[in-house]
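Visitor: Predicted model and sequence follow; I will ask about them next.
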Amino acid sequence: MAEVALVTGAAGNIGRATCACLARAGYSILATDMAPPTDGDGYEWHALDVTDTDSVAAAFQAATKIGTLKAVVNAHGILRLTEPGSTPADVMRSIIAVNLEGVANVLQVASTHVADDGAVVSISSIVANLGRAKGAFVYASTKAGLEALTRCFAVALGPKGIRVNAVAPGFLSEPMGGEGSNLRSHQGGDDPLIASTPIGRLVTPAQVAEVIGFLCSSAATGITGTVIPVDNGQAAL
């Protein structure tokens, strides 16, 4: 029976790179997002709204029809401008609903659908532990909450052999879509971000995906409840 990986946010830059990485590792991919990209990348796609628990449940049911669900990757997320003192409540709620509650929704269903000895990986960010990301205080807060969820579910699912981890990318060479791309200008563009990176270049989605692939593999069976930075050293400065 096929081993299946369910990837949320699969139309995004990290999501697409993750699907490709896991497919190379032999997984059958159920790629999920609000809507697939125009090319579809050749994967089986399923519409998913992570803020809707019925939608989440339906996606997991679709995954288990393909084969044994062995890996789940929370690659969804939104980034909107949030300035301290002037951010409307509805903007804050929209980010929390997707980035924090949406991850919790997926983790809860994964608890009963992922096969024993499977793996769950969520995408955090180095800004969860930094205060210098301008215009992103709600996004940063949701990522800090995601890291807490990672630890809690690692403990809860450990007896089933299910490993729960997160990766924390630095500023990417390909910014997030939508407002995420506009917020790059709030950081001063790419040049100051590259200057704050010891290796002298921004991390790529493919580099992040390779670490996700490792955490989903048998090479990482001793790792759970942790957050691995993939940032070319940005958090070190």
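Guide: Okay, I see it. Residues are numbered from 1 along each chain as shown.

Visitor: List the contacts of residue 47.
Guide: Shown in contact with residue 47 (CB atoms under 8 Å, 6 or more residues apart in numbering): 32-35, 55. For the C-beta atoms, the positions are set from N, CA and C on the backbone; glycine is no exception.

Visitor: between those, which is closest to residue 9?
Guide: Using CB to CB, residue 33 comes nearest to residue 9 of the contacts of residue 47, at 5.9 Å.

Visitor: Can you show me the strands along the protein?
Guide: For the chain, strands defined by DSSP state E occupy the ranges 3-8, 28-33, 44-47, 68-74, 119-123, 163-169, 227-230.

Visitor: helices or strands up against the last one?
Guide: With contacts defined as 3 or more CB pairs under 8 Å, 6 or more residues apart in numbering; DSSP states H and E, the packing partners of strand 227-230 are strand 163-169, helix 205-216.

Visitor: Tell me which of those sits most buried.
Guide: strand 163-169 (a mean of 26; mean count of other CB atoms under 10 Å).

Visitor: Centre of the chain to that strand, how far?
Guide: 8 Å (CA atoms, centre = their mean, to the nearest Å).

Visitor: re the thing from before, mind putting the helices and strands packed on strand 227-230 into a markdown table with mean pLDDT and distance to residue 43?
Guide: Output for these, formatted as a markdown table (pLDDT from 0 to 100; distance: least, CB to CB, whole Å):
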| stretch | mean pLDDT | distance to residue 43 |
| --- | --- | --- |
| strand 163-169 | 98 | 21 |
| helix 205-216 | 98 | 14 |
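
Visitor: Just put these in JSON lines and tack on distance to residue 146.
Guide: Compiled in JSON lines, the helices and strands packed on strand 227-230 are given as follows (distance: least, CB to CB, whole Å):
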{"stretch": "strand 163-169", "distance to residue 146": "6"}
{"stretch": "helix 205-216", "distance to residue 146": "14"}
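
Visitor: Nearest to residue 113, out of those?
Guide: Here strand 163-169 is closest among the helices and strands packed on strand 227-230 (CB to CB), at 13.7 Å.

Visitor: Can I get that closest one in PDB? Just the C-alpha atoms.
Guide: The C-alpha coordinates for strand 163-169 follow below in PDB (Å, rounded to 0.1, in the frame of the first residue of the first chain):
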ATOM      1  CA  ARG A 163       7.000  12.400  15.800                       C
ATOM      2  CA  VAL A 164       5.900  16.000  15.700                       C
ATOM      3  CA  ASN A 165       8.500  18.700  14.800                       C
ATOM      4  CA  ALA A 166       8.700  22.100  13.200                       C
ATOM      5  CA  VAL A 167      11.200  23.900  11.000                       C
ATOM      6  CA  ALA A 168      11.800  27.700  11.300                       C
ATOM      7  CA  PRO A 169      12.900  29.200   8.000                       C
END
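
Visitor: could you check the angle helix 205-216 makes with it?
Guide: Interaxial angle, strand 163-169 versus helix 205-216 (axes from the mean of the first three to the mean of the last three CA atoms, to 10 degrees): 160 degrees.

Visitor: Just want the angle from strand 163-169 to strand 119-123.
Guide: 20 degrees.

Visitor: and strand 163-169, which strands flank it?
Guide: Each strand paired with strand 163-169, and its direction, by DSSP bridges: strand 119-123 (parallel), strand 227-230 (parallel).

Visitor: Show me the contact partners of the longest one.
Guide: Going back to what we said before, that points to strand 119-123. In contact with strand 119-123 (CB under 8 Å, 6+ apart) are residues 9, 14, 70-75, 77, 103, 107, 110, 114, 146, 149-150, 153, 157, 162-167, 169, 208, 212, 215-216, 220.
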